[in-house]
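Trainee: Give me a 3D structure for the following:
(chains A and B)
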2 protein chains.
Amino acid sequence: MSNAILLAPGPVQLHPEVQKILAQAMIHHRTPEFDAILKRVLLNLKFFFQTENPVFMHTSTGSGGLESLLVNLLSKNDEVLAIVSGKFGERWADMAESFGAKVHRHQVSWGKAVSVSEIDSFLQKNKNIKLVLCQACETSTATMHDIKALGEMIAKTPALFLVDGITAVGAYEIKMDEWHIDGLVAGSQKAVMLPTGLSFVSLSKKAWKISEQANTPRFYFDLRKEFKANQNGETLFSSSVPLVKALDFILNRIQEIGLKKHFKQLKRRADFTREIAKQLKLSLYSSSPSDSVTALNVPANIDGVKLREHLEKKYFVTIMGGQDQAKGKIIRIGHMGYILDEHLTETMHRLAQALKDFSYDINPEEIKNISTNWLEANPI
Amino acid sequence: MSNAILLAPGPVQLHPEVQKILAQAMIHHRTPEFDAILKRVLLNLKFFFQTENPVFMHTSTGSGGLESLLVNLLSKNDEVLAIVSGKFGERWADMAESFGAKVHRHQVSWGKAVSVSEIDSFLQKNKNIKLVLCQACETSTATMHDIKALGEMIAKTPALFLVDGITAVGAYEIKMDEWHIDGLVAGSQKAVMLPTGLSFVSLSKKAWKISEQANTPRFYFDLRKEFKANQNGETLFSSSVPLVKALDFILNRIQEIGLKKHFKQLKRRADFTREIAKQLKLSLYSSSPSDSVTALNVPANIDGVKLREHLEKKYFVTIMGGQDQAKGKIIRIGHMGYILDEHLTETMHRLAQALKDFSYDINPEEIKNISTNWLEANPI
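Mentor: Model prediction:
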């Protein structure tokens, strides 16, 4: 284990095998070797998304994937309901406005899950809504929304349900088809455990029909073109060869482990973090915590910005702080990526040390022991 | 030297140091360490583009960079003159049409450079042209256009001159400011010698003014937003950390070597390829050959598709063939990336062997000797 620890909600620590793959000599994306990898990856992504529909890759950040869903489905002046429960919800709503949509923002208090019945009544009263946008996990508040219930409800309306699964798909159960999700996005640097650089998107059959009529101009993110290219065994543009090779490793590995067991590993890290947080006398920020990232309230007399910086500078642990209204008030610890038990114990140990440096009443060695004991008592 | 050789016009062979950097443990893009790298890279990109204007990075393929220029500059129904001299010219013209432009296609025979005076007369007669699009090097035909002359001529008109420099910037002299280029694009997997995943774009002052009025909807590629983020020491979206770190190495290295000497290395490879081609009795496809990639005519009685596949399968050398009208008729050998003299000699040796397997009258050992001798007689 290296001394530096990165437990942010993306980018995440890489599997040693991924690091090796990224260092391999370049191969061309128009070779039999890469053709076989691409074919396998496109198939395994369907398993990963739990869908029968094709899943596409864009060379972009996760935000590119969010834009892809919008430009493939929106027509000018379409009405959009954006569930805004944090920074990423805001950004997606802004994005939809940039592409000419009339956006209704349903504001949810930071750290709270959206009320499904409120969305239901809104849709009952507003029959023209074409798209409903929601984060599966709002990363800025570490809050999980009830995607299953939203999906079942929205499926009964003409609206399409688009889900930002960037901090969710691959971290915990998101069943695209079964839960009636019409558009789903994932990003490489989160639960996919790779560097930033790939986004993944998929459309339901209901969404494909709309995409054929959508009049937003598009080219780089045009899924009709990408579909044709994939049918020919290619990506529309040059493939990010090292990332796709590493993705192949990750998807094969998760398939071997099985999604259920893979999700359990993340849940165990989330449970651990919440249990030790209690010992640290730090409360949860979210009332609907996600298994991909946990946000903890920083004690009122400590500046969260300074705490985070101190932890990074003195103890070489990178976690994230809060943004906007949560700035200085929370810390966010990610549970995605390649994380060993030592990383978990050491993070909590060093967090306790950092807190103690701010005159917080805590015994770091005791935290370390409790951490070790919890992990031993709760094996995977 | 590994047995496999990749001399395609992108992706290219990686510097061993780049491979090491790509394999490093992940760091977060909001850390002092990464902040310093980003700052340096954004500065050095200006040197690389030979411009005083800011150069931006997108997490995308080169095509994303081409889209970026269009969506930041186009307004609906704008008239565009697209110089189409091959596959990439066609694609850029298609892209402009997708974004609502009225596109005039100036067709140039494959393998020929565009006539500057023809473009001049067209612009004299068509005063409404807002953008002129041209490849610096049309990769599909390995043909270089006279960007300097075009730039000087177009600068006298109200039109903006947009240049696809994906197979040119960093491979040979392209002086953005001095040559009056209003929009320039480069891509990571070509002369920047990295894997696919980053595009680089810059706008002239003349172009910035137009971009403020351009009404094409945009978000992911919005340079106004990217500019603000860069001013704050960040990228607009998550940074591709490993690629940006590797880019830092490449730009520092080219600065140490000096652009002039760096370009000479590529020119030497191009000269070598053309000299040995003569010995192989293979003629040049292009009458305006580029220093980044060379296209050679395949002898009439040999199927170029089969030759390329044979070379890859039996001799582990990946070069590219022709596309569309040049399919089966040419092979294209790239000069960008990490290329040692052994790679050059071995490529020509194995190409001769492959040709001989197709009953071509050639002595591979003689070709190998001539290759070695030429490289020794023409040191860098």
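
Trainee: tell me which parts of the stretch 51-200 of chain A are close to chain B?
Mentor: A:59-64, A:67, A:94-95, A:98-100, A:187, A:189, A:195-197 (Cβ under 8 Å from any Cβ of the partner chain). All C-beta atoms are positioned from the backbone trio N, CA, C, and that covers glycine.

Trainee: mind redoing it with 10 Å?
Mentor: A:58-68, A:70-71, A:74, A:76, A:91-92, A:94-101, A:166, A:187-190, A:193-199 (Cβ under 10 Å from any Cβ of the partner chain).

Trainee: can you give me the strands in the stretch 201-350 of chain A?
Mentor: For the stretch 201-350 of chain A, the strands defined by DSSP state E, counting those that start in this stretch occupy A:293-297, A:317-318, A:320-321, A:330-334.

Trainee: Output those as CSV; include the columns distance to residue B:133 and mean neighbour count.
Mentor: Output for these, formatted as CSV (distance: least, Cβ to Cβ, whole Å; neighbours: other Cβ atoms under 10 Å in any protein chain shown):
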stretch, distance to residue B:133, mean neighbour count
strand A:293-297, 44, 26
strand A:317-318, 43, 24
strand A:320-321, 42, 22
strand A:330-334, 43, 26
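
Trainee: so which of those strands comes closest to chain B?
Mentor: Chain B lies closest to strand A:317-318 among these, at 4.9 Å (Cβ to the nearest Cβ).

Trainee: Report whether the closest one contacts chain B.
Mentor: Yes: contact of strand A:317-318 with chain B (Cβ under 10 Å from any Cβ) involves residue A:318.

Trainee: Just checking: what are the partner strands of that strand?
Mentor: Partner strands and pairing direction for strand A:317-318 (DSSP bridges) are strand A:5-6 (parallel).

Trainee: Identify all contacting residues around the partner strand.
Mentor: The contact list for strand A:5-6, computed with Cβ atoms under 10 Å, 6 or more residues apart in numbering or on different chains, reads A:12-14, A:311-312, A:315-319, A:334, A:337-340, A:342-344, A:346-347, A:350, B:25-28, B:31.

Trainee: Show me the residues of the stretch 51-200 of chain A next to chain B that map onto strands.
Mentor: If you go by DSSP state E, those have A:58-59, A:187, A:198-199 in strands.

Trainee: How about the contacts made by the one residue in chain A that gets nearest to chain B?
Mentor: Residue nearest to chain B within chain A (Cβ to the nearest Cβ): residue A:23, separated by 3.5 Å. Applying Cβ under 10 Å, 6+ apart to residue A:23 gives the contacts A:242, B:14, B:16, B:18-24, B:242.

Trainee: just to revisit the earlier point, please pick the buried ones from the residues of the stretch 51-200 of chain A next to chain B.
Mentor: A:58-68, A:70-71, A:74, A:91-92, A:95-101, A:166, A:187-190, A:193-199 (16 or more other Cβ atoms under 10 Å in any protein chain shown).

Trainee: Any quick PyMOL command for the buried ones out of the contacts of strand A:5-6?
Mentor: Listed next is the PyMOL selection for buried residues among the contacts of strand A:5-6, using 16+ other Cβ under 10 Å:
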select buried, (chain A and resi 12+13+14+311+312+315+317+318+319+334+337+338+339+343+344+346+347+350) or (chain B and resi 26+27+28+31)
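
Trainee: Redo the contacts of residue A:23 as JSON lines? Include secondary structure, pLDDT and distance to residue A:48.
Mentor: As requested, the contacts of residue A:23 are exported to JSON lines (DSSP: H, G, I helix; E, B strand; the rest coil; pLDDT from 0 to 100; distance: Cβ to Cβ, whole Å):
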{"residue": "A:242", "secondary structure": "helix", "pLDDT": "97", "distance to residue A:48": "19"}
{"residue": "B:14", "secondary structure": "coil", "pLDDT": "98", "distance to residue A:48": "28"}
{"residue": "B:16", "secondary structure": "helix", "pLDDT": "98", "distance to residue A:48": "33"}
{"residue": "B:18", "secondary structure": "helix", "pLDDT": "98", "distance to residue A:48": "29"}
{"residue": "B:19", "secondary structure": "helix", "pLDDT": "98", "distance to residue A:48": "28"}
{"residue": "B:20", "secondary structure": "helix", "pLDDT": "98", "distance to residue A:48": "30"}
{"residue": "B:21", "secondary structure": "helix", "pLDDT": "98", "distance to residue A:48": "28"}
{"residue": "B:22", "secondary structure": "helix", "pLDDT": "98", "distance to residue A:48": "24"}
{"residue": "B:23", "secondary structure": "coil", "pLDDT": "97", "distance to residue A:48": "24"}
{"residue": "B:24", "secondary structure": "coil", "pLDDT": "97", "distance to residue A:48": "26"}
{"residue": "B:242", "secondary structure": "helix", "pLDDT": "97", "distance to residue A:48": "22"}
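
Trainee: Pass me the low-pLDDT residue ranges in chain A, would you?
Mentor: Counting by pLDDT under 70, chain A contains low-confidence residues at A:1-2.

Trainee: Just the buried positions in the longest helix anywhere in it, please.
Mentor: Criterion DSSP state H: the longest helix present in chain A is helix A:259-279. For helix A:259-279, a neighbour-count test (16+ other Cβ under 10 Å) marks A:259, A:262-264, A:266-274, A:276-277, A:279 as buried.

Trainee: again, but for stretch A:125-143
Mentor: Judged by neighbour count (16+ other Cβ under 10 Å), stretch A:125-143 contains these buried residues: A:129-143.

Trainee: for those, which one is nearest residue B:297?
Mentor: Nearest to residue B:297 among the buried residues of stretch A:125-143, counting by Cβ to Cβ, is residue A:131 at 52.4 Å.

Trainee: Quick check: that closest one touching residue A:70?
Mentor: Yes: in this structure, residue A:131 is within contact of residue A:70 by Cβ atoms under 10 Å, at 7.8 Å.

Trainee: Now do the shared contacts for those two.
Mentor: Shared contacts of residue A:131 and residue A:70, defined by Cβ under 10 Å, 6+ apart, comprise A:78, A:80, A:96, A:101, A:162, A:183.

Trainee: returning to what we had before: what's the PyMOL syntax to select whichever of the contacts of residue A:23 are buried?
Mentor: To isolate the buried members of the contacts of residue A:23 in PyMOL, using 16+ other Cβ under 10 Å:
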select buried, (chain A and resi 242) or (chain B and resi 14+18+19+21+22+23+242)
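
Trainee: Run through the residues that contact residue A:222.
Mentor: Taking Cβ under 10 Å, 6+ apart as the criterion, residue A:222 is in contact with A:68, A:71-72, A:211, A:228, A:236, B:95, B:98.

Trainee: Keep only those of those that are in helices.
Mentor: Checking the contacts of residue A:222 against DSSP H, those in helices are A:68, A:71-72, A:211, A:228, B:95, B:98.

Trainee: Looking at these, which two lie furthest apart in space?
Mentor: Maximum pairwise distance among the ones in helices among the contacts of residue A:222 (Cβ to Cβ): 18.6 Å, between A:211 and B:95.

Trainee: Please name the nearest non-neighbouring residue to residue A:47.
Mentor: residue A:255 (6.4 Å; Cβ to Cβ, 6 or more residues apart in numbering or on different chains).

Trainee: so that neighbour makes contact with residue A:262?
Mentor: Yes: under the criterion of Cβ under 10 Å, residue A:255 makes contact with residue A:262 at 9.2 Å.

Trainee: Write out the residues of the stretch 251-380 of chain A neighbouring chain B.
Mentor: Applying Cβ under 10 Å from any Cβ, we find that the stretch 251-380 of chain A lies next to chain B at A:308-309, A:312-313, A:318-321, A:337-338.

Trainee: let's go with 7 Å and repeat that
Mentor: Within reach of chain B by Cβ under 7 Å from any Cβ of the partner chain, the stretch 251-380 of chain A has these residues: A:312, A:318.

Trainee: ok, residue A:373 - how many residues close by?
Mentor: The number of residues packed near residue A:373 is 11, by other Cβ atoms under 10 Å in any protein chain shown.
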